[in-house]
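Participant: Output the structure for:
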Amino acid sequence: MRSLLSLATALGGALTIRAPQNVTDTPSKSTLLPDSLYVDNAPNYLRPYVIRQYATAQATILRGEVFRFYITGPSSGNAFTLVVVNAPQNAVLNVLPHIHERHFECFYNYKGRFQLWAQGRDNITQETRVLTQGDFGAVVRNSTHTFQMMDPDSQMGGAIVPGGFEETFFAIGHNASFGTHTPYNPAFSNTTYDLTFSNGTMANEAPFDVYNQPRFQPRRDAINGTAPANRTWHTGPNSPAPFGIPYFIANGFGPKYLNNETGYQIIQPVVTLNQSGDLNFTSSTITISATPQNATVAHWLIQETVAIQVLEGHLWVHIAGFDAALLTCGDVALIPGGVGFRYWTDTYFTKFFSLNQGGNGVDTQLIRRGAEYHAVVFPDEFS
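Facilitator: Residues are numbered from 1 along each chain as shown. Alright, predicted model coming up:
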């Protein structure tokens with residue numbers, strides 16, 4: 001894959017790599033770092049990198065779904081795995097109900113629709129939601145869960161902690177390579193993938209922390225995208241649940257904080273240390289404005305791994321001494337602990353997903369220095 005600089009040259013200079021005038025104190029680049037940020041597959045060791053949406057990303061096919069692994073255990077120092085799944089609608093469940101005893105799984109909807117079921121280890125209340133763009137579901141350890149794709153162009157993200165869970169898919173799926181980098185093979189459309197054969201294979205997946213739950217019967221009584229009927233879904237506020245309980249947060253209906261140190265940033269946490277517990281990670285969406293002329297873009301130096309995935313707009317990310325990278329929708333950047341970086345946008349509105357190892361990541365620091373907020377858009381004037 002060519003670097004952004006070479007791409008700019010090929011386009012006759014149409015793409016300019018630049019930082020705003022108020023970016024100072026360029027992070028230093030260690031001689032131990034690679035020559036280029038850009039990769040087509042997640043590296044097999046911890047290093048800074050950028051990977052484009054629909055890159056090869058060790059793509060794996062399983063039952064008509066394409067799994068792309070933008071972050072793996074080796075590429076993150078086993079901090080987390082980030083997988084994005086593209087698939088058409090399916091008439092049945094996409095996976096048999098199962099639990100993970102050691103892994104916390106975060107589901108995020110990028111586009112289309114999918115239905116997610118989750119039941120905590122108490123086995124009392126089974127919850128289900130239909131997730132649309134921007135909705136989030138947290139499947140904590142020992143929660144029975146399954147999902148079903150519902151639209152022709154569905155894209156589901158999974159952040160899984162700790163890292164390394166991709167080995168499950170490598171063991172049971174098969175490699176995929178698309179010359180056009182299409183999200184999935186169109187031959188998968190209008191095909192129902194029977195899960196009967198999966199009962200046998202899932203029995204062999206316990207070493208990968210996958211335990212079949214054959215007695216689980218997904219409820220089919222959702223009204224307006226939710227069951228039980230008395231749950232709030234796209235009609236009022238949602239909050240992360242106490243530790244050990246699965247939960248759902250509708251797009252824009254979760255907690256919000258506003259930080260105005262370098263322009264505006266709206267932080268919407270979906271996982272805090274209260275939910276991750278001993279797994280010690282946080283996750284949020286962050287919406288940022290352009291940087292005003294009188295502000296300086298912040299220099300971050302965090303001691304644990306940080307990942308960024310753009311959801312809307314585009315984001316410049318300047319890591320160590322590399323050229324600034326322009327990330328557009330779906331692109332991912334990974335920054336190891338101890339490596340300096342900056343981010344900013346020169347559009348008017350950009351949103352990205354922030355995944356942070358430890359309790360002092362980008363989102364936590366911004367929240368700590370910000371204040372509770374009421375809206376998903378920033379104020380109409382800079383303060």
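Participant: Extract the residue ranges of the stretch 1-150 of the chain that are flagged as low pLDDT.
Facilitator: Applying pLDDT under 70 to the stretch 1-150 of the chain flags the ranges 1-32.
Participant: give me that answer again for 90
Facilitator: For the stretch 1-150 of the chain, the stretches with pLDDT under 90 are 1-35, 121-124.
Participant: what are the ranges of the strands in it?
Facilitator: 38-39, 49-51, 60-62, 65-71, 81-87, 98-99, 104-111, 114-119, 126-131, 136-139, 144-149 (DSSP state E, counting those that start in this stretch).
Participant: mind listing what the helix or strand hosting Ile308 pairs with, with the direction of each?
Facilitator: Ile308 belongs to strand 306-312 when assigned by DSSP states H and E. Paired with strand 306-312 in the same sheet, following DSSP bridges, are strand 332-335 (antiparallel), strand 350-357 (antiparallel).
Participant: Just say which of the ones you listed is most tucked in.
Facilitator: Across the strands paired with strand 306-312, the average number of neighbours (mean count of other Cβ atoms under 10 Å) peaks for strand 332-335, which reaches a mean of 26. All C-beta spots, glycine's among them, are computed from the backbone N, C-alpha and C.
Participant: Sort out which residues of the next helix or strand after that one are buried, please.
Facilitator: Downstream of strand 332-335, the first helix or strand assigned by DSSP H and E is strand 341-344. Residues of strand 341-344 classed as buried by neighbour count (16 or more other Cβ atoms under 10 Å): 341-344.
Participant: can you pull the contacts of the closest residue to Arg63 other than its chain neighbours?
Facilitator: Counting by Cβ to Cβ, 6 or more residues apart in numbering, the nearest residue to Arg63 once its immediate chain neighbours are dropped is Tyr193, at 4.1 Å. By Cβ atoms under 8 Å, 6 or more residues apart in numbering, the contact list for Tyr193 reads 63-64, 90, 92, 94.
Participant: Counting neighbours, what do you get for Glu166?
Facilitator: A total of 23 residues lie near Glu166 under the criterion other Cβ atoms under 10 Å.
Participant: Would you mind giving both backbone torsions of it?
Facilitator: For Glu166, the backbone dihedrals (degrees, to the nearest 10) come out as phi -60, psi -20.
Participant: helix, strand or coil for Lys275?
Facilitator: Check again: residue 275 is Gln, not Lys. Classification of Gln275 using DSSP: H, G, I helix; E, B strand; the rest coil returns helix.
Participant: Now do it against Ser284, distance only.
Facilitator: Gln275 is 12 Å from Ser284, where distance means Cβ to Cβ, to the nearest Å.
Participant: what do you get for Gly163?
Facilitator: When Cβ to Cβ is the yardstick, Gly163 and Ser284 sit 19 Å from each other.
Participant: Neighbour count for those two, which is higher?
Facilitator: A direct count of neighbours by other Cβ under 10 Å for Gly163 and Ser284 places Ser284 higher, at 26 against 22.
Participant: Check that one and give its pLDDT.
Facilitator: pLDDT, Ser284: 99.
Participant: Report the contact partners of the residue nearest to it when sequence neighbours are not counted.
Facilitator: Here the nearest residue to Ser284 in space, its sequence neighbours aside, is Asp363; by Cβ to Cβ, 6+ apart that works out to 3.7 Å. Neighbouring residues of Asp363 by Cβ under 8 Å, 6+ apart: 267, 269, 282-284, 286, 354, 356.
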